[in-house]
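Q: Sequence and predicted structure below; questions after.
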Amino acid sequence: MITFKRANHINICVTPKQLEDAKAFYTDVIGLKQIPRPDHIFNSKGYWFDIGDIQLHIGVEPKMPKSTRHTAFEVEDVAAAKKLLEAHGVELVKEPVVPGWDRFAFYDPFGNRIELIQIVPDL
């Protein structure tokens with residue numbers, strides 16, 4: 001049996017031509033802090049970011065298919081997140097209702113699907 005402690009990092013991918021735009025999106029729009037990446041162990045470029053108690057890693061792939069695969073992050077204020085993303089022209093995706101969660105998803109400008117969740121008390 002494996003005893004899991006927590007998620008360590010999430011990896012998303014962009015095409016090589018999109019890497020600098022992805023860095024700008026996740027720092028300037030989303031507001032993440034870039035952290036050092038041990039570039040000497042990789043054959044391709046990428047960036048790492050601090051995202052709460054885990055990390056977000058951005059790597060490169062030659063071709064990016066749009067997919068329903070996704071990463072989900074819990075946020076403190078899902079309404080504020082929606083407002084911020086809409087102000088930057090990011091298309092939001094409505095999600096089915098899950099009791100106790102206020103949530104939505106979006107595709108970043110590079111085709112990665114991200115879900116944001118706020119835990120809300122059952123009414």
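A: Yes, it's here. Numbering: from 1, shown residues only.
Q: So which bits of stretch 7-20 are buried?
A: Neighbour-count burial for stretch 7-20 flags I10, I12, C13, V14, Q18, L19 (criterion: 16 or more other CB atoms under 10 Å). Where you see a C-beta, it was placed from the backbone N, CA and C, and this is true even at glycine.
Q: cool, stretch 96-105 as well?
A: D102, R103, F104, A105.
Q: how distant is stretch 116-123 from the center of its chain?
A: The chain centroid and the centroid of stretch 116-123 are separated by 19 Å under CA atoms, centre = their mean, to the nearest Å.
Q: Check what contacts it and list those residues.
A: Stretch 116-123 has contacts (CB atoms under 8 Å, 6 or more residues apart in numbering) with 72-78, 81, 99-106.
Q: 6 Å instead?
A: Residues outside stretch 116-123 that contact it (CB atoms under 6 Å, 6 or more residues apart in numbering): A72, F73, E74, V75, V78, A81, P99, G100, W101, D102, R103.
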